[in-house]
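1. Build me a model from this:
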Amino acid sequence: TMPKEPAVLRQNILDTTAAILACGIDPKKCLLFRQSLVPEHTELAWILGCLTNVPRLLRLPQWKMKRASQKSEGTVGLLIYPVLQAADILLYKSTRVPVGEDQVLHLELAQDIAQHFNKKYGEFFPVPRAILSEL
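-> Modelled structure (predicted):
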């Protein structure tokens, strides 16, 4: 949600990929891809954003904390980031999502969005459940 220098962003993508592989993720068993190259993520985020009300997003604690840390009123990107997260989850019809305690409310938003979409357009998205780790 913060602007990055293109060269730094490209290097961060390579570094993250190297770290994932160094952790032992086997690309023969897992599909690795650059999410930013999949337009369906942002397309679904737009659709879901049109079904999500702003007051709900404004109540999320992460919005309040990040906005305060930016010493500004916050950006639209920061506000709608949880909708993009929901799109990332729902696009693949995920049923279980590993999350940390700090992301439980964002997953609850994804659940609510899935239920709202299904009620309006018919059963399409499974409602994802959290897998919480003790680590």
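2. for stretch 41-51, what is the average pLDDT?
-> Per-residue pLDDT over stretch 41-51 has a mean of 97.
3. host element of the residue positioned nearest the centre of the chain?
-> For the chain, the residue nearest the mean C-alpha position is Gln85 (1.6 Å; Cα atoms, centre = their mean). Element membership for Gln85, per DSSP states H and E: helix 76-91.
4. on that earlier part again, wait, doesn't the residue nearest to the centre of the chain sit right on His106?
-> Yes - using Cβ atoms under 8 Å, Gln85 is in contact with His106, at 5.3 Å. Every residue, glycine included, has its C-beta placed from N, CA and C.
5. would you list every one of the helices in this protein?
-> Applying DSSP state H to the chain gives helices spanning 6-22, 39-49, 54-58, 61-69, 76-91, 104-121.
6. what helices or strands is the lowest-mean-pLDDT helix or strand in the chain leaning on?
-> When each helix and strand of the chain is scored by mean pLDDT, DSSP states H and E, helix 61-69 comes last, with a mean of 76. With contacts defined as 3 or more Cβ pairs under 8 Å, 6 or more residues apart in numbering; DSSP states H and E, helix 61-69 has these neighbours: helix 76-91, helix 104-121.
7. Need the contact partners of it.
-> Residues outside helix 61-69 that contact it (Cβ atoms under 8 Å, 6 or more residues apart in numbering): 1, 57, 73-74, 78-79, 82, 102, 105-106.
8. Could you give the separation of the helix holding Gln85 from the chain centroid?
-> 5 Å (Cα atoms, centre = their mean, to the nearest Å).
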